[in-house]
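> Provided below are the primary sequence and the corresponding predicted coordinates.
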Amino acid sequence: MHHASAFQANPRFEVVGICDIDQGRVDAAAAKLNIPAKGTDARALAVAVKPDVFCFCTLPNIRTEMIRAGIDSGARLIAMEKPVALTSAEGFVVRDLLAASGVKAVVSHQHRYGEHYRKVKEVVASGALGRVHTVYGTATGWMMHMLSHLIDYTRWFNNEAEAEWVMAQASGRGKLGDLHPSPDYIAGFVHFANGVHGVLECGAGAPDVPEVDYWWRKCRMGAQGTEGFAEVLTGGGWRSVTSQGSASGGGCMNYDLDMPPYIQQIADWLDDEKQVHPCNFGSAWRGFEIMMAFCRSAAQGGQVALPLSGPADELELLRAAVPQSPVLLSMAANAKEYGG
Ligand SMILES: NC(=O)c1ccc[n+]([C@@H]2O[C@H](COP(=O)([O-])OP(=O)(O)OC[C@H]3O[C@@H](n4cnc5c(N)ncnc54)[C@H](O)[C@@H]3O)[C@@H](O)[C@H]2O)c1
């Protein structure tokens with residue numbers, strides 16, 4: 001509904017069809033948004049209505065099937081939800097299908113449109129931090145939900161420098177069986193070609209963000225340099241301390257504010273090859289490789305070089321390797337999701 005409403009509200013788009021395997025959901029959505037065609041079979045509907053844009057926001061277990069449906073419908077752009085895939089084996093299939101078809105694609109890392117995220121990017125880009133040496137991100141939600149976001153925005157703060165290697169650890173098997181399958185806790189380092197280091201942790205052991213009440217938005221991302229730091233909290237504003245003084249401001253993740261510019265930039269990219277969408281698949285792919293490399297390092301030990309040399313089933317690697325011992329929590333509020 002967030003995606004369909006935002007497309008419908010943009011004068012450059014008209015939603016010509018909507019699909020869900022749940023008949024009740026699709027009936028309600030089509031009626032609410034006044035959409036002419038609806039169905040429970042995404043491929044059949046897309047092939048029938050021939051959209052310019054094929055957008056899907058299903059759970060992450062059916063990416064290849066949806067990408068094929070989008071390509072076969074003749075769409076010029078596919079808009080998908082994060083994560084890119086559940087394993088690099090599927091990720092490479094998705095990447096290669098898109099590359100062979102020439103269809104543009106974007107991945108919904110739309111938090112970046114929040115005023116607080118943009119403010120931190122602005123401070124980092126202004127040079128006020130001096131020489132940036134570290135980017136960092138934490139989230140209490142688990143990997144398949146949150147790590148994709150943390151990586152995307154910290155890569156953005158670091159001007160999308162190429163990652164050269166990662167090293168990570170993982171703990172806790174509870175969420176390996178989730179619909180967003182993940183170790184309960186994963187943490188690691190990314191080394192970027194420009195010398196910047198990324199420090200990322202996600203899940204049960206990640207630190208509290210006490211400034212934010214809403215559990216899913218307890219995410220802190222930022223950059224540190226020789227002259228100071230700037231950071232954003234997903235659920236509660238931003239702050240910076242630099243040689244010029246300290247500053248702070250508001251802002252909170254909000255679909256109503258974050259989706260419209262994400263959708264507008266889809267129109268802009270379709271109109272003009274040069275206006276490449278900031279959430280373009282190529283950029284999301286490099287973030288996805290970092291996430292999969294974290295899993296490989298956690299499962300197999302040592303550092304993992306990037307780009308990935310070939311496909312693997314990282315979930316199987318994790319299932320074989322993550323210890324049976326229960327995850328240890330960073331705060332009592334995490335027990336509702338991770339036990340303990
Ligand atoms: N970018 C963000 O901020 C953000 C926020 C929440 C969720 N997500 C992502 O969005 C995706 C969906 O998550 P959700 O929480 O909305 O899940 P959800 O379960 O609420 O919604 C998924 C919908 O897909 C439908 N569906 C399943 N198989 C289908 C098929 N073959 N064809 C058509 N419809 C099908 C389901 O019936 C359901 O209505 C996930 O990848 C999740 O990680 C992203």
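Ah, there it is. Residues are numbered from 1 along each chain as shown.

> backbone dihedrals for residue 202, please?
When read as degrees, to the nearest 10, the backbone of residue 202 gives phi -150, psi 130.

> tally of neighbours for it?
Using other Cβ atoms under 10 Å, residue 202 has 33 other residues around it. C-beta coordinates here come from the backbone N, C-alpha and C atoms, glycine included.

> give me the spatial nearest neighbour of it, chain neighbours excluded.
residue 147 (4.5 Å; Cβ to Cβ, 6 or more residues apart in numbering).

> so where does the one you found fall, helix or strand?
Using DSSP states H and E, residue 147 sits in helix 143-157.

> what mean pLDDT does that helix get?
Mean per-residue pLDDT for helix 143-157: 98.

> check contacts around whichever residue of the chain sits closest to the ligand.
Across the chain, no residue is closer to the ligand than residue 81, which sits at 3.5 Å (Cβ to the nearest ligand atom). For residue 81, the contacting residues are 56, 57, 58, 60, 107, 108, by Cβ atoms under 8 Å, 6 or more residues apart in numbering.

> show me where this structure has helices.
Ranges of helices within the chain are 2-9, 23-33, 42-49, 63-72, 88-101, 115-126, 143-157, 255-271, 281-300, 314-321, 335-338, based on DSSP state H.

> counting contacts, what elements does the second one pack onto?
Identification of packing neighbours for helix 23-33 by 3 or more Cβ pairs under 8 Å, 6 or more residues apart in numbering; DSSP states H and E yields helix 2-9, strand 17-19, strand 37-39.

> looking at the ones you listed, which is buried most?
strand 17-19 (a mean of 23; mean count of other Cβ atoms under 10 Å).

> list the contacts of that one.
4, 26, 29-30, 33, 35-42, 45-46, 48-49, 51.

> what's the closest non-adjacent residue to residue 189?
According to Cβ to Cβ, 6+ apart, the nearest residue to residue 189 is residue 167 (5.4 Å).

> what about that neighbour, how many neighbours?
16.

> also the one 3 residues further on?
Close neighbours of residue 170, defined as other Cβ under 10 Å, add up to 26.

> residue 71 now?
For residue 71, the count of nearby residues is 19 (other Cβ under 10 Å).

> quickly note the distance from it to residue 54.
Residue 71 is 8 Å from residue 54, where distance means Cβ to Cβ, to the nearest Å.

> intersection of neighbour lists for those two?
In contact with both residue 71 and residue 54: residue 78, using Cβ under 8 Å, 6+ apart.

> which one is residue 61 nearest to, not counting chain neighbours?
residue 86 (6.5 Å).

> typed the wrong thing, it's residue 176
residue 319 is the one closest to residue 176 (Cβ to Cβ, 6+ apart), at 5.8 Å.

> now swap in residue 74 and tell me
Using Cβ to Cβ, 6+ apart, the closest residue to residue 74 is residue 50 (5.3 Å).

> quick check: the one you found touching residue 73?
Yes - if you go by Cβ atoms under 8 Å, residue 50 and residue 73 touch, sitting 6.1 Å apart.

> which residue of these two possesses the greater neighbour count?
Neighbours were counted for residue 50 and for residue 73 using other Cβ under 10 Å; residue 73 has more, 23 against 12.

> what about residue 269, distance to residue 62?
25 Å.

> repeat for residue 108
For residue 108, the distance to residue 62 - Cβ to Cβ - is 16 Å.

> compare these two (neighbour count), which wins?
Ranked by neighbour count (other Cβ under 10 Å), residue 108 and residue 62 place residue 108 first, with 20 against 14.

> and that one, what does it touch?
Residue 108 neighbours (Cβ under 8 Å, 6+ apart): 3, 57, 79, 80, 81, 82, 262, 279.

> buried subset of those residues, written for ChimeraX?
To isolate the buried subset of those in ChimeraX, counting by 16 or more other Cβ atoms under 10 Å, use the following:
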select :3,79,80,81,82,262,279
